[in-house]
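> Kindly return the folded structure for what I paste below:
(chains A and B)
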Amino acid sequence: MDEFQTGEETAFVTDEVTNIVKEAIESTIGPNAYQHNKVNQWTSNVVEQCLNQLTKLGKPFKYIVTCVIMQKNGAGLHTASSCFWDNGTDGSCTVRWENKTMYCIVSVFGLAI
Amino acid sequence: LGRKQSLMPDAAARKQSMIPPDARRPSVLPPDARKSSIDPQHAPQGRRASIMMMDHPRRPSQDRKQSIVESTAGRSTLIVTPGHAHRTNVRYENTYKTEPDVKFRSAEVRDTIKDIFERELGTMKYDKERCISLTTTLSEKIKHSVKILGFPRYKIVVVVAIGEQETHPSIAFTSRCIWNQNTDNFSEYTFKNASLYAVGLVYAMYMD
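Numbers count the residues shown, from 1 in each chain, chains lettered A, B, ... in the order given. Modelled structure (predicted):
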């Protein structure tokens, strides 16, 4: 009668999300070199693909996906995030990816409904 | 087969019984025949037990029905209470308050981020070690001030990025969200000075 939802089904599963993000990055910008005029399109594509895959998981979550693509110029970048949420059900994961010409950092925040 | 035995009302010792012992109907079976009730052939002697248990051999589907029958007779095989004994998460029930009392004001939050950046960063030069701790403290500060502004029932996510200013722009920052368009919002501010830039993002998601 009662549906027993174990904790795992409604908590944020980092591994799953990490895989989704890696696939999205690799399929969008994997083999490419940095091109300034294409960067906007790439970031949008990465984010869109991540979101599509995340919604396919079918979990009761709201998602925030941010993507930063940076050319390897020697410049430095630091990011930090601070969240006010429910520790038991919500979570985040960050994936750093690089190739010869650029860095890509994707963060996914999942907030349970 | 051993299950039938436990139908006998010695469940007073069993904590899981849902019906208190005195409210349960006493077994019709005479005491000496209790032990022999294991054998289905003896059961019709003194007891009109459920048909399911008597006439049909034990099949998996029947077993399940049996457990329901037994629970109505006072023995619970299913723990139906909403207690979360085997769950680590406590899920709160929906309160069905779909609209927030106070909506997230992105302009106000933008000014807050701006103030904090200008106060903390000002004319600072980009310094690697310092910026590492600076990003975390800034995000904590922004989160704290957004909390003070007071948006009840909102979950807040703050992202801060500090980078070195370059002559040629070589960075792209994108974000997308899946949220409720009516109630959720975000706010963003970019601070630039001679040697560095700082991006502050605040997302607010309403929790109903």
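> could you point out the longest helix in the chain?
I went with chain A, as the question did not name one. helix A:39-56 (DSSP state H).
> think we crossed wires, I meant chain B
Secondary structure of chain B per DSSP H: the longest helix is helix B:128-149.
> between whichever helix or strand comes after that one and helix B:128-149, what angle do the directions make?
For helix B:128-149, the following helix or strand on the C-terminal side (DSSP states H and E) is strand B:154-164. Put simply, strand B:154-164 runs at 150 degrees to helix B:128-149, going by axes from the mean of the first three to the mean of the last three Cα atoms, to 10 degrees.
> Name the strands paired with strand B:154-164 and say parallel or antiparallel.
Strand B:154-164 has the following strand partners under DSSP bridges: strand A:77-84 (antiparallel), strand B:196-206 (antiparallel).
> got the contact list for the longest helix of chain B?
For helix B:128-149, contacts defined as Cβ atoms under 8 Å, 6 or more residues apart in numbering or on different chains pick out A:76, A:78-84, B:105, B:108-109, B:112-113, B:116-117, B:120-121, B:124, B:156, B:158-162, B:196, B:198, B:200, B:202, B:204. C-beta here means a position set from N, CA and C on the backbone, and glycine is covered the same way.
> which of the strands paired with strand B:154-164 sits most buried?
Ranked by mean neighbour count under mean count of other Cβ atoms under 10 Å in any protein chain shown, these are led by strand B:196-206, which reaches a mean of 24.
> Averaged pLDDT, that strand. What do you get?
For strand B:196-206, mean pLDDT rounds to 89.
> And stretch B:124-139, by the same measure?
85.
> buried ones in that stretch?
Buried residues in stretch B:124-139, counted by 16 or more other Cβ atoms under 10 Å in any protein chain shown: B:124, B:126, B:131, B:134, B:135, B:136, B:138, B:139.
> Could you identify the most distant pair in these?
Greatest spacing in the buried residues of stretch B:124-139, by Cβ to Cβ: B:126 and B:139 (17.6 Å).
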